[in-house]
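1. Fold the stuff below for me.
(chains A, B and C)
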Amino acid sequence: MRERLLALFDHMAAHYGHTGWWPGDGPFEIAIGAILTQNTAWTNVERAIANLKTAGLLCPEAMLACSTGELEEVLRPSGYFRVKTDRVRNFCRRLVDGYDGRMEELARRPLGELRRELLGIKGVGPETADDILLYACGKPVFVVDAYTRRILARHGVVDPAIGYEPLRALFEENLEADVDLFKEFHGLIVWTGKDFCRKRPRCESCPLCPLLAEGQPLHV
DNA sequence: GACCAGGCACATC
DNA sequence: GATGTGCATGGT
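-> Residues are numbered from 1 along each chain as shown, chains lettered A, B, ... in the order given. Below you'll find the predicted structure:
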């Protein structure tokens, strides 16, 4: 399994090079982006983050202090704006109450405890928690998302119905706990997913790789 | 104009 | 424990 995963990584890396994922200016922006991108195209999230910056709301204290209506309008482009206004504020409330509003303090906590705490915040599920742990706190956690499951299932590596935790365990048990590797691996999966999952949902010509067209560099 | 996007919480069985 | 539903904007 380790070899299959590394082969997948190598093919994607050969095609895309270094992704430098996650895009974002600092740990707090990354954490907010992780919440805003729930079931939402990243382009829409970018608009909302740009709005936050323009409005001077890209810090936990300001998000909590401003009116609900103002924050909703700023977040509107990211979709589900009423739900997400609540969710980002739940995160900010925990950050301010427990860590003086500082992501560096949050990141100081041990991985296991921190993951449980993040999952205890209403609006932060497994994927969002792991995004924050890996990209905002630098913890060695493998992030699973819809692309991860789809790409691996289409390559026949896993059952499409595999759950979040078993899929996370598959990566974490077969790869060394390397933050940079995990960051880049997930980044490559996101880029591959954006490129192929919708544009090329099927590949009839390639029996080994139902995802990608024959002759594509990503053929595994 | 239909369909989808890097989820999550909650209700119901 | 599995399955269904609401949440909402913007691109294809």
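
2. can we go C-alpha only for contacts and neighbour counts from here?
-> Will do.

3. Show me the residue at the heart of chain A, geometrically.
-> residue A:131 (4.4 Å; Cα atoms, centre = their mean).

4. I'd like to know which elements whichever strand or helix holds that one is packed against.
-> Element membership of residue A:131, judged by DSSP states H and E, is helix A:126-131. Packing partners of helix A:126-131 (3 or more Cα pairs under 8 Å, 6 or more residues apart in numbering; DSSP states H and E): helix A:27-36, helix A:111-119.

5. does any part of that helix sit near DNA strand C?
-> No - counting by Cα under 7 Å from any atom of the strand, DNA strand C has no neighbours in helix A:126-131; the shortest distance is 14.6 Å.

6. which is the next helix or strand following that helix?
-> Criterion used, DSSP H and E; the element after helix A:126-131 is helix A:146-154.

7. tell me what the helix or strand immediately after that next one in the chain is packed against?
-> Using DSSP H and E, the next helix or strand after helix A:146-154 towards the C-terminus is helix A:164-174. Other helices and strands packing on helix A:164-174, by 3+ Cα pairs under 8 Å, 6+ apart, are absent; none qualifies.

8. Show me the shaky parts of chain A.
-> Scanning chain A for pLDDT under 70 picks out A:197-220.

9. Tell me the spacing between the closest residue to residue A:2 other than its chain neighbours and DNA strand C.
-> Spatial nearest neighbour of residue A:2, excluding adjacent residues (Cα to Cα, 6 or more residues apart in numbering): residue A:174 at 5.0 Å. Per Cα to the nearest atom of the strand, to the nearest Å, residue A:174 is found 24 Å from DNA strand C.

10. number of nearby residues for residue A:174?
-> 14 (other Cα atoms under 10 Å).

11. now residue A:52
-> Here the number of neighbours of residue A:52 (other Cα under 10 Å) works out to 19.

12. buried ones in stretch A:151-166?
-> Burial within stretch A:151-166, assessed by neighbour count using 16 or more other Cα atoms under 10 Å, is assigned to A:151, A:152, A:153, A:154, A:155.

13. buried sites along stretch A:108-123?
-> Neighbour counts using 16+ other Cα under 10 Å place A:111, A:114, A:115, A:118, A:119, A:121, A:123 of stretch A:108-123 among the buried residues.

14. just to revisit the earlier point, redo the helices and strands packed on helix A:126-131 as TSV? Include distance to DNA strand C.
-> What follows is the helices and strands packed on helix A:126-131, written out as TSV (distance: least, Cα to the nearest atom of the strand, whole Å):
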stretch	distance to DNA strand C
helix A:27-36	10
helix A:111-119	16
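
15. Just the CA trace of the lengthiest helix in chain A, in PDB.
-> Secondary structure assigned by DSSP state H gives helix A:81-99 as the longest helix of chain A. What follows is helix A:81-99, C-alpha atoms only, in PDB (Å, rounded to 0.1, in the frame of the first residue of the first chain):
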ATOM      1  CA  PHE A  81     -23.400  32.500   4.900                       C
ATOM      2  CA  ARG A  82     -25.700  32.400   7.900                       C
ATOM      3  CA  VAL A  83     -24.400  29.000   9.000                       C
ATOM      4  CA  LYS A  84     -20.800  30.000   8.400                       C
ATOM      5  CA  THR A  85     -21.100  33.200  10.300                       C
ATOM      6  CA  ASP A  86     -22.100  31.100  13.300                       C
ATOM      7  CA  ARG A  87     -19.300  28.600  12.700                       C
ATOM      8  CA  VAL A  88     -16.400  31.000  12.300                       C
ATOM      9  CA  ARG A  89     -17.600  32.800  15.400                       C
ATOM     10  CA  ASN A  90     -17.700  29.500  17.300                       C
ATOM     11  CA  PHE A  91     -14.100  29.000  16.400                       C
ATOM     12  CA  CYS A  92     -13.200  32.600  17.300                       C
ATOM     13  CA  ARG A  93     -14.900  32.400  20.600                       C
ATOM     14  CA  ARG A  94     -12.900  29.300  21.600                       C
ATOM     15  CA  LEU A  95      -9.700  30.900  20.300                       C
ATOM     16  CA  VAL A  96     -10.200  34.100  22.300                       C
ATOM     17  CA  ASP A  97     -11.500  32.400  25.500                       C
ATOM     18  CA  GLY A  98      -8.900  29.600  25.600                       C
ATOM     19  CA  TYR A  99      -5.800  31.100  23.900                       C
END
